[in-house]
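Colleague: Quick check, what structure comes out for this input:
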Amino acid sequence: MSFEELGLSEHTLKAIADCGYETPTPIQGKAIPHILMARDVVGLAQTGTGKTASFTLPMIEILHGGRAKARMPRSLILTPTRELAAQVAENFDTYGKYTKLSKALLVGGVSMDEQVKLLDRGVDVLIATPGRLLDLFERGRILLNDIKILVIDEADRMLDMGFIPDIEKIISLVPFTRQTLLFSATMPPEIRKLTEKFLSNPKEVSVDRAATTANTVEQFVVHAAPRSKNEVLEQIIAQENVQNAFVFCNRKRDIDGLVRWLRGKGYNVRGLHGDMVQKVRTETLEAFKNNEITLLVCSDVAARGIDVDDVSHVFNYDVPTHADDYVHRIGRTGRAGKAGRAWMLCTRAEEKYLDAIETLIKQKVPEEKIGGHSSQKPRDDKSQRDKRPSQASEKKSGIKSVSKGDKPKRSSRTDDDDDSVKGFGNDIPGFFG
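Modeller: Numbers count the residues shown, from 1 in each chain. As a prediction, the model looks like this:
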């Protein structure tokens, strides 16, 4: 299938051709025709599959030729993070450059004054995070009664970050006759209920099954004691041909310490998390995109979907407590058919999370031995793994034992940020480089 077959106009096709691309991704090929027919659409696809272009391209077609009124945007795209909002805006700049569509970003962490000025002129496309949008709405600086297309992007991350009540409030403010598009990497029950409540007979399109890993990514797990993780990580990095890499931590408070440690070992490394001011975050992202940084240590929220070409490695310093986050993490490498490698450090206390990941992706993550660090016993025998190791083996391995009845609390995510300090979105580098 070619883009010409999707029914896109000449000005959009010309913009796509300028980027050197001829073939749409599967999610684009399935979603765009239905969106152009004004259908409500639910798009399900894992990271790096081109979800953003699957709604930006048809939106350019639908909105082209109209004119927005002051403070009354014609379309609204809701994103969980301000970096993802910026990425969506870049897509409109790239593929709408032969149109006169106007846009505005409403995100936290920056002055409202410039945002309000753009709204006063009238915008065709409004890209916003929920918190800033509701703030300006309550101040009377924006009206939502002319919204013709509503897009909810990264719906599953919206759920994780506690934005669903805000989403429901915003939906109640836009016209009932709008066209609604919802895109998500996964479809938890809460998101399914949202689609049933607010979408009208939606067409569901998907590629692959939710939460699958790309076959272009080689995966490995190394078992290590908590205190030895730094040394093990360094050994892995030293033996790998790392061009650039994400290093994921579960907690924001661990990021700065790991950055200092790696920097002390001579690595070109920076951190990225929600406590950083927006200017520093933006500079860090640009430096990583421009290959000025080799290692970017970050949390899930800060790095989800950062659009960087040719990321060679992903290192999971911690095993993600949510299994689907593993898929999102390693989806940062092995994109657009290119090879990538993903490593994960796992303590004995984290093995239950590893089990959940392997259940989700329906495959075993191969174990590797690094510097004497590996699993104590074969992981295929769960009954043996649950048994308490001897004191001698504990002393030798440095791994703290966990009794069979011990279960870690599955608490709320510790790396979630408020709306003014969020992370990046995601899509295929072929379209969004």
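Colleague: Quote the end-to-end distance of stretch 106-113.
Modeller: Taking Cα to Cα, to the nearest Å, stretch 106-113 runs 11 Å from one end to the other.
Colleague: Same check on stretch 105-122?
Modeller: Distance between the boundary residues of stretch 105-122 (Cα to Cα) amounts to 12 Å.
Colleague: mind listing what's buried in it?
Modeller: Within stretch 105-122, the residues scored as buried using 16 or more other Cβ atoms under 10 Å are 105-110, 115-116, 118-119, 122. C-betas here are computed from N, CA, C, even on glycine.
Colleague: Now the two most distant members of those.
Modeller: Pairwise distances among those were taken by Cβ to Cβ; the largest, 24.3 Å, belongs to Gly109 and Gly122.
Colleague: Poorly predicted segments of the stretch 251-400 of the chain, please.
Modeller: 301-307, 371-400 (pLDDT under 70).
Colleague: Which stretches in it count as strands?
Modeller: With strands called from DSSP state E, counting those that start in this stretch, the stretch 251-400 of the chain shows them at 269-272, 295-298, 313-316, 340-346.
Colleague: Just the residues contacting the third one, thanks.
Modeller: In this case it means strand 313-316. With Cβ atoms under 8 Å, 6 or more residues apart in numbering as the contact definition, strand 313-316 has outside contacts at 217, 233, 236-237, 240, 242-248, 326, 329-330, 332-333, 340-345.
Colleague: Using PDB, write out every CA atom in it.
Modeller: Coordinates of the C-alpha atoms in strand 313-316 are reproduced here as PDB (Å, rounded to 0.1, in the frame of the first residue of the first chain):
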ATOM      1  CA  HIS A 313      20.800  -0.200  23.600                       C
ATOM      2  CA  VAL A 314      18.300  -0.100  26.400                       C
ATOM      3  CA  PHE A 315      19.500  -1.000  29.900                       C
ATOM      4  CA  ASN A 316      16.900  -1.700  32.600                       C
END
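Colleague: Distance from the chain centre to it, please.
Modeller: Per Cα atoms, centre = their mean, to the nearest Å, the displacement of strand 313-316 from the mean C-alpha position of its chain is 15 Å.
Colleague: ok, it: who's next to it in the sheet?
Modeller: Strands flanking strand 313-316 in the sheet, each with its direction: strand 245-248 (parallel), strand 340-346 (parallel) (DSSP bridges).
Colleague: What are the buried residues along the last one?
Modeller: Just to be clear, that refers to strand 340-346. 340-346.
Colleague: Now for the residues you listed: which two are most distant?
Modeller: Gly340 and Cys346, at 19.4 Å, using Cβ to Cβ across those.
Colleague: which ones are touching Glu350?
Modeller: Each residue near Glu350 by Cβ under 8 Å, 6+ apart is listed here: 318-319.
Colleague: got CSV for the buried residues of strand 340-346, with distance to Leu354 too?
Modeller: Putting those into CSV (distance: Cβ to Cβ, whole Å) gives the following:
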residue, distance to Leu354
Gly340, 20
Arg341, 18
Ala342, 13
Trp343, 13
Met344, 8
Leu345, 11
Cys346, 5
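Colleague: Tell me the one of those residues nearest Ile62?
Modeller: Closest approach to Ile62 among these (Cβ to Cβ): Gly340, at 35.6 Å.
Colleague: Which strand residues bridge the closest one?
Modeller: In this structure, Gly340 has beta-bridge partners Val217, where bridges are defined by DSSP bridges.
Colleague: In contact with it, which residues?
Modeller: For Gly340, the set of contacting residues under the criterion of Cβ under 8 Å, 6+ apart consists of 214, 216-218, 311-314, 330, 332-334.
Colleague: That one and Val314, how far apart?
Modeller: Using Cβ to Cβ, to the nearest Å, we find Gly340 at a distance of 7 Å from Val314.
Colleague: Equivalent analysis for Ile27, please.
Modeller: Taking Cβ to Cβ as the criterion, Ile27 is separated from Val314 by 22 Å.
Colleague: and if you look at His64?
Modeller: Separation of His64 from Val314 (Cβ to Cβ) stands at 38 Å.
Colleague: Could you report the neighbour count for the closest residue to Asp325 other than its chain neighbours?
Modeller: Spatial nearest neighbour of Asp325, excluding adjacent residues (Cβ to Cβ, 6 or more residues apart in numbering): Asp300 at 5.3 Å. The criterion is other Cβ atoms under 10 Å. On that basis, Asp300 has 22 neighbouring residues.
Colleague: Then Tyr21?
Modeller: Counted by other Cβ under 10 Å, the residues lying close to Tyr21 total 15.
Colleague: Give me the pLDDT for it.
Modeller: We note a pLDDT of 79 for Tyr21 in this prediction.
Colleague: need the strands for the stretch 51-200 of the chain, in chain order.
Modeller: Read by DSSP E, counting those that start in this stretch, the stretch 51-200 of the chain holds these strands, from start to end of the chain: 75-78, 103-106, 125-128, 149-152, 179-184.
Colleague: got CSV for the ones you listed, with distance to Glu286 too?
Modeller: As requested, the strands of the stretch 51-200 of the chain are exported to CSV (distance: least, Cβ to Cβ, whole Å):
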stretch, distance to Glu286
strand 75-78, 22
strand 103-106, 17
strand 125-128, 19
strand 149-152, 26
strand 179-184, 26
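Colleague: between the ones you listed, which gets nearest to Glu190?
Modeller: Taking Cβ to Cβ as the measure, the strands of the stretch 51-200 of the chain were each checked against Glu190, and strand 179-184 came out nearest at 10.8 Å.
Colleague: Need the contact partners of that closest one.
Modeller: Here strand 179-184 makes contact (Cβ under 8 Å, 6+ apart) with 35, 38-45, 51, 54-55, 148-156, 171, 191, 194-195, 198-200, 202.
Colleague: buried subset of those?
Modeller: The neighbour-count test (16+ other Cβ under 10 Å) marks 35, 39-45, 51, 54-55, 148-156, 171, 191, 194-195, 198-199, 202 as buried among these.
Colleague: Pass me the low-pLDDT residue ranges in the stretch 101-250 of the chain, would you?
Modeller: Judged against pLDDT under 70, the low-scoring parts of the stretch 101-250 of the chain cover residues 208-211.
Colleague: Buried members of the contacts of strand 313-316 into ChimeraX, please.
Modeller: Listed next is the ChimeraX selection for buried residues among the contacts of strand 313-316, using 16+ other Cβ under 10 Å:
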select :217,233,236,237,242,244,245,246,247,248,326,329,330,332,333,340,341,342,343,344,345
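Colleague: So this protein: which segments form each domain?
Modeller: 3-210, 217-397 (automatic domain parsing).
Colleague: Noted, bye for now.
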